[in-house]
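Engineer: Any chance you can model this:
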Amino acid sequence: MQAKTHRNPPRTMEANPREGSRTMRAVVQRSYGSAETLTLGEMARPVAGTGQVLLEVHAAGVDRGTWHLMTGLPYIMRVMGFGLTRPKDPVPGADVAGRVVAVGPGVERFKVGDEVFGIARGSYAEYAVAEADKLAHKPTAISFEQAAVASVSGITALQALTEIGKLERGQDVLVIGASGGVGSYAVQIAKALGARVTGVASARKADLVRSLGADAVIDYAAGDYLDGSMRYDLVIDIGGRNPLRRLRRALTPRGTLVIVGGEGGDRLTGGFGRQLRAALLSPFISQRMAMFISTEHYRYIETLAGFIERGEVTPAVGRRYRLDEAPAAIADLAAGRAEGKSVIVVG
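Structural biologist: Residues are numbered from 1 along each chain as shown. Down below sits the predicted model:
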């Protein structure tokens with residue numbers, strides 16, 4: 001269908017389109033399911049609206065949230081507006097790094113040609129639209145691939161430690177799931193803020209966690225690290241399956257537990273049921289137990305960029321995949337084969 005011509009179209013600033021093409025390659029999903037539901041196809045290139053920018057995607061991160069949106073699990077996500085019977089957005093992906101090729105009306109922080117990173121809608125494609133307030137300028141010291149795996153996990157870890165966990169210098173912090181996306185940032189940011197950090201991971205990923213700066217690494221399969229023999233001021237639980245009673249044993253009498261994500265649990269609510277129980281219990285005990293959903297805003301991404309520019313945080317890039325290998329990237333994440341954060345290299 002041919003687009004209508006407007007006498008006074010909305011004003012945008014745009015770079016020359018690639019060979020005049022208005023289409024793009026993209027990973028497409030038409031129904032909920034496993035990674036096999038993802039296919040590589042040709043789609044119309046999106047257009048930047050008010051307050052938005054259009055990015056030429058260089059790289060995109062692989063995160064647990066993308067898996068949830070692919071499977072439609074837990075079911076509570078569907079009634080929260082992500083699509084009842086199929087994904088609302090046919091192109092998956094959120095973490096992104098790339099170059100601005102168009103800016104919509106009302107955008108003042110970016111111009112065509114800027115190198116940026118942050119959170120977009122449908123980043124598993126050659127082009128993606130992002131809200132301008134979910135982007136920041138890419139630190140010059142890192143690559144597009146490193147930038148692409150930073151935002152979603154990095155700002156989640158930042159908020160869990162600072163706004164929710166109220167981390168103070170000199171405290172002891174336990175990061176459960178330290179080798180994963182959020183965990184790899186939690187270890188580095190906690191160290192940068194002056195904490196003593198213990199990371200929990202598999203024996204195979206222990207070297208990675210040490211390289212991130214952890215003072216100690218625990219193999220979760222070697223014994224009961226939540227038996228109360230060691231206590232921590234702050235526990236960041238990204239593992240998702242530990243009962244609250246066991247987590248409380250690892251806390252000091254006035255320690256804080258922050259549960260990140262909704263892993264584990266049933267197909268209806270996932271791990272969010274455990275989060276809710278923690279929040280309901282917290283007012284009646286001396287320990288503080290908190291749940292939260294990360295806020296996506298450039299002020300957090302810019303704070304994260306500051307850690308990166310100072311060399312205090314280095315994005316831990318795992319395996320690299322081509323755009324057509326996106327199904328394999330998500331399958332590897334779901335199977336626990338990823339170390340650090342995997343990246344899809346687009347252009």
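Engineer: Tell me, how many residues neighbour Gly61?
Structural biologist: Counted by other Cβ atoms under 10 Å, the residues lying close to Gly61 total 33. Every residue, glycine included, has its C-beta placed from N, CA and C.
Engineer: typed the wrong thing, it's Val343
Structural biologist: Residues near Val343, counting by other Cβ under 10 Å: 26.
Engineer: Output the below-cut-off pLDDT ranges for the stretch 151-300 of the chain.
Structural biologist: For the stretch 151-300 of the chain, the stretches with pLDDT under 70 are 240, 262-271.
Engineer: can you map out the helices along it?
Structural biologist: Under the criterion DSSP state H, counting those that start in this stretch, helices of the stretch 151-300 of the chain are mapped to 151-159, 181-192, 206-211, 244-249, 272-281, 298-309.
Engineer: Tell me which of those approaches Pro92 most closely.
Structural biologist: Among those, helix 151-159 comes nearest to Pro92, with 12.7 Å by Cβ to Cβ.
Engineer: The closest one packs against which elements?
Structural biologist: Secondary-structure packing of helix 151-159 (3 or more Cβ pairs under 8 Å, 6 or more residues apart in numbering; DSSP states H and E): strand 52-61, strand 95-103, strand 115-119, helix 181-192, helix 298-309.
Engineer: What number of residues are in the vicinity of Glu325?
Structural biologist: Glu325 has 18 neighbours, counted by other Cβ under 10 Å.
Engineer: any idea how far it is from Tyr124?
Structural biologist: Going from Glu325 to Tyr124 by Cβ to Cβ, to the nearest Å gives 11 Å.
Engineer: Quick check: neighbours shared by these two?
Structural biologist: Residues touching both Glu325 and Tyr124 by Cβ atoms under 8 Å, 6 or more residues apart in numbering: Ile344.
Engineer: For the helices and strands packed on helix 151-159, could you give me JSON lines that also reports distance to Ser21?
Structural biologist: Shown next, in JSON lines, are these (distance: least, Cβ to Cβ, whole Å):
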{"stretch": "strand 52-61", "distance to Ser21": "12"}
{"stretch": "strand 95-103", "distance to Ser21": "12"}
{"stretch": "strand 115-119", "distance to Ser21": "22"}
{"stretch": "helix 181-192", "distance to Ser21": "33"}
{"stretch": "helix 298-309", "distance to Ser21": "30"}
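Engineer: Which one, of those, ends up nearest to Ala334?
Structural biologist: helix 181-192 (12.9 Å).
Engineer: what's the offset of that closest one from the middle of its chain?
Structural biologist: 13 Å (Cα atoms, centre = their mean, to the nearest Å).
Engineer: now swap in stretch 179-198 and tell me
Structural biologist: Averaged C-alpha coordinates place stretch 179-198 at 15 Å from its chain's average position (Cα atoms, centre = their mean).
Engineer: Pull out the buried positions in it.
Structural biologist: 179-193, 195-198 (16 or more other Cβ atoms under 10 Å).
Engineer: With stretch 35-52 instead?
Structural biologist: Neighbour-count burial for stretch 35-52 [16+ other Cβ under 10 Å]: Ala35, Thr37, Leu38, Leu40, Met43, Arg45, Pro46, Val47, Ala48, Gly49, Gln52.
Engineer: Perfect, I'm done here.
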